[in-house]
Structure formats: C-alpha cells, structure tokens
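Colleague: Turn this into a structure:
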Amino acid sequence: MMWRKIGASSAATILHRLFGHIERGVAFRLWDGTMVMLGGAPVCTVVLHRQETFIRLVRDPSPLNFAEAYVEGAIDIEGDLFAAMRIANSIEDLRVSALDRLRLVVTLVRG
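Modeller: Numbering: from 1, shown residues only. Below you'll find the predicted structure:
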C-alpha cells in the first residue's frame, strides 16, 4: 500500500494513541521540528528524521523495530539512553486493538 506524506498534526495524534499511556515522560521530535510530549517531563527525546521512518515505526511499533531504526541512524535518542531503554521495555507488550489499527491506517492514508 502506498502511504502519502503525513503531516505533523496527524503524526502527533498517532503518537498519542500509541504511546499516550506511557507513565515516564518522553518526547518525539518530528522531521519538521514539531515536538510531541507524552507523559511527564521527558527523560529523552526520540528524533525522527524522515516521515518514512515514522510510517515504518507506526506500522510495527515494536521495540525491535525502534532498535533497528536507531542502529540504522533513522532515529536518534537525545537525553538519557538508559531511561529510553526502560521506556522501550515498558512498551514491549504494546497491544493495539483491531479498531485502533484501523484508525491508525486511516490516519496514515489520509496523511
């Protein structure tokens, strides 16, 4: 399926749906500089360099996919890397319902 470009506002909505339950603070800096804050004061910032990376991670928001993106240089982690790893561990069992997956796909397709 071809994904259109996604805007920062839609990306922020998706991040809140996927990771809004995180208790520790984390921030995402999107490709256009938009900051998306989740939880309390962020212990780290995940820097997404390209929209395509964001779409890839949303399609499979697993810790393994995030780790691969980090190793490839598609994302950067600013701040406490060990805190970021603890956050990744806390979302390891992330389950997205079929309805939420459908909503995410619709948001991605609409851009």
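
Colleague: Can you check which strand is longest in this structure?
Modeller: Identified as the longest strand of the chain according to DSSP state E is strand 42-48.

Colleague: which residues sit against stretch 79-87?
Modeller: Taking Cβ atoms under 8 Å, 6 or more residues apart in numbering as the criterion, the residues outside stretch 79-87 that touch it are 22, 24, 26, 42-46, 77. (Glycine included, C-beta is placed from N, CA and C.)

Colleague: Quickly name whichever of those is closest to residue 10.
Modeller: Using Cβ to Cβ, the shortest approach to residue 10 within the contacts of stretch 79-87 belongs to residue 46, at 17.2 Å.

Colleague: Nearest residue to that closest one in space, please, no chain neighbours.
Modeller: Counting by Cβ to Cβ, 6 or more residues apart in numbering, residue 46 lies nearest to residue 28, which is 4.9 Å off, once chain neighbours are set aside.

Colleague: And for the residue most central in space within the chain, nearest residue in space, chain neighbours not counted?
Modeller: The geometric centre of the chain, computed from its C-alpha atoms, lies nearest to residue 15 (Cα atoms, centre = their mean), at 5.4 Å. Nearest residue to residue 15, sequence neighbours excluded (Cβ to Cβ, 6+ apart): residue 36, at 5.0 Å.
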